[in-house]
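A.B. asks: Just a sequence and a predicted model for now, questions to come.
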Amino acid sequence: MARHRAPGARSSPYVTPEGWDRLNKELDWLWRVRRPEVTQAVAEAAAMGDRSENAEYIYGKKRLREIDSRIRYLSKRLDGLQVVYERPQDTTRVYFGMWFSAEDDAGNVVRYRIVGPDEIDPGAGWISVDAPFARAVLGKAVDDEFTVATPQGGVDYVVTSVSPPD
């Protein structure tokens, strides 16, 4: 019996200019620097003789497959992305690319920037436009309330600030 995995939900095709540049640089680095390095290492390992017991050759081929897979993914993904260059006219509301702060009922304040799904970085406060939190806050202005659904129930927040990206 074959294993069938249903396709996942399609992520949003939006990306910030910074995110586009980062993905493009990664693709370029993989193609021009990393892949030739690994290809050279595999060729050198293959020249050593018996490939069936040559760990350098086996793991080099595995790394090469991983690199090729990432290159294919990035190439396809970059073709389908839409770069959002323009800032919204209304900078008092939360839209794609904007920074915002929100406070919950317990007084905890969070600060996030809404970005594309390919550029999320929780450490930097960048959340995906597809995230439930981002979907709940889109279009809200300062002092607007919104509720985020969680497994424990809804959590209420209030938007405390909105600012455009640097």
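C.D. replies: All right, it came through fine.
A.B. asks: now the residue nearest to the spatial centre of the chain: how far from residue 98?
C.D. replies: Taking CA atoms, centre = their mean, the centroid of the chain lies closest to residue 118, which sits 2.3 Å from it. Computed as CB to CB, to the nearest Å, the residue 118 to residue 98 distance reads 18 Å. All C-beta atoms are positioned from the backbone trio N, CA, C, and that covers glycine.
A.B. asks: can you count the residues close to the closest residue to residue 146 other than its chain neighbours?
C.D. replies: Leaving aside its chain neighbours, residue 146 sits nearest to residue 136 (4.7 Å; criterion: CB to CB, 6 or more residues apart in numbering). Residues contacting residue 136 under the criterion other CB atoms under 10 Å number 18.
A.B. asks: same deal with residue 144?
C.D. replies: 15.
A.B. asks: Residue 84 now?
C.D. replies: Count around residue 84 with other CB under 10 Å applied: 20.
A.B. asks: follow-up on the earlier one: give the contact list for the residue nearest to the centre of the chain.
C.D. replies: 11, 15, 19, 23, 77, 81 (CB atoms under 8 Å, 6 or more residues apart in numbering).
A.B. asks: element containing it?
C.D. replies: For residue 118, there is no host helix or strand (DSSP states H and E).
A.B. asks: Tell me the neighbouring strands of the longest strand along the chain, and mark each as parallel or antiparallel.
C.D. replies: If you go by DSSP state E, the chain has its longest strand at strand 153-163. Its sheet considered, strand 153-163 pairs with strand 99-104 (antiparallel), strand 145-150 (antiparallel) by DSSP bridges.
A.B. asks: Can you turn the buried subset of the contacts of residue 118 into a selection I can paste into ChimeraX?
C.D. replies: To isolate the buried members of the contacts of residue 118 in ChimeraX, using 16 or more other CB atoms under 10 Å:
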select :15,19,23,77,81
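A.B. asks: Dump the contacts of residue 118 to a markdown table, plus secondary structure and pLDDT.
C.D. replies: Formatted as a markdown table, those follow (DSSP: H, G, I helix; E, B strand; the rest coil; pLDDT from 0 to 100):
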| residue | secondary structure | pLDDT |
| --- | --- | --- |
| 11 | coil | 81 |
| 15 | strand | 94 |
| 19 | helix | 93 |
| 23 | helix | 96 |
| 77 | helix | 93 |
| 81 | coil | 93 |
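A.B. asks: Export the contacts of residue 118 to CSV and append columns for distance to residue 55.
C.D. replies: Putting these into CSV (distance: CB to CB, whole Å) gives the following:
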residue, distance to residue 55
11, 37
15, 39
19, 37
23, 32
77, 32
81, 38
